[in-house]
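Novice: For reference, the sequence and a predicted model appear below.
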2 protein chains.
Amino acid sequence: MYEKGFITFSVDPDDGRVRYATLTPAGRAKHDEIKAVALERQRVLLSCLSDAEAQTFMGLLLRVHGNLPNVEKATQAYIKEKGPKAITST
Amino acid sequence: MYEKGFITFSVDPDDGRVRYATLTPAGRAKHDEIKAVALERQRVLLSCLSDAEAQTFMGLLLRVHGNLPNVEKATQAYIKEKGPKAITST
């Protein structure tokens, strides 16, 4: 992103160890372009649902997404119990 | 999968152009192992929802999944309308 001129870096005046990345005007324009495509894709993706269904779906999806760390923990516990053979493809 | 001994190939006796891939016993065992992990991951993933919520979620997810081709079509139409600049990162 830096090479493409979308961000610049600056150093914190109070702490030289800290660097900040800032969007340039070109970077902000690119961000807006990408966001517009993403919103259009989301709009079409959910267009097969009613407004109420889409709201329900997004609410449930957020809860499931928040639960992902437990899936990883459970997978590790499963491997530990069943042995790594259970998921490796040797 | 062939190199690992999980499938074998055979030729259709009625049409030599057709080859069939068949799971070996080792391939079937590996399939069952992977499926067990996948089911455990799905169980934990949905464990943050009630049974009714999980059923609603899966039903909506299937509809949204079936709608994916329209998202690709709409993306292509969007690019055509706004110009490829809208999503390429030049």
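Specialist: Sure, I can see it. Residues are numbered from 1 along each chain as shown, chains lettered A, B, ... in the order given.
Novice: Residue A:21 reaches residue A:12, doesn't it?
Specialist: No: using CB atoms under 8 Å, residue A:21 makes no contact with residue A:12, being 12.0 Å away. Placement of C-beta: from N, CA and C, glycine included.
Novice: Give the burial count for residue A:12, as a bare number.
Specialist: 10 (other CB atoms under 10 Å in any protein chain shown).
Novice: cool, residue A:82 as well?
Specialist: Look at residue A:82: counted by other CB under 10 Å, it has 14 neighbours.
Novice: what about it, distance to chain B?
Specialist: Distance of residue A:82 to chain B, computed by CB to the nearest CB, to the nearest Å: 8 Å.
Novice: ok, now which ones touch that residue?
Specialist: By CB atoms under 8 Å, 6 or more residues apart in numbering or on different chains, no residues touch residue A:82.
Novice: Give the helix, strand or coil label for the residue nearest the centre of chain A.
Specialist: Nearest residue to the geometric centre of chain A (CA atoms, centre = their mean): residue A:65, 10.6 Å. Classification of residue A:65 using DSSP: H, G, I helix; E, B strand; the rest coil returns helix.
Novice: so where do the helices sit in chain A?
Specialist: For chain A, helices defined by DSSP state H occupy the ranges A:25-45, A:51-66, A:68-82.
Novice: Adding mean pLDDT, write these out as TSV.
Specialist: Conversion of these to TSV gives the following (pLDDT from 0 to 100):
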stretch	mean pLDDT
helix A:25-45	94
helix A:51-66	97
helix A:68-82	92
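Novice: To residue B:45, which of those lies closest?
Specialist: Closest to residue B:45 of the helices of chain A, according to CB to CB: helix A:68-82, at 5.0 Å.
Novice: quick one: buried residues of the closest one?
Specialist: The neighbour-count check on helix A:68-82 (16 or more other CB atoms under 10 Å in any protein chain shown) flags A:71, A:74, A:75, A:78 as buried.
Novice: on that earlier part again, export the helices of chain A as a markdown table, with columns for distance to residue B:82.
Specialist: As requested, the helices of chain A are exported to a markdown table (distance: least, CB to CB, whole Å):
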| stretch | distance to residue B:82 |
| --- | --- |
| helix A:25-45 | 8 |
| helix A:51-66 | 24 |
| helix A:68-82 | 34 |
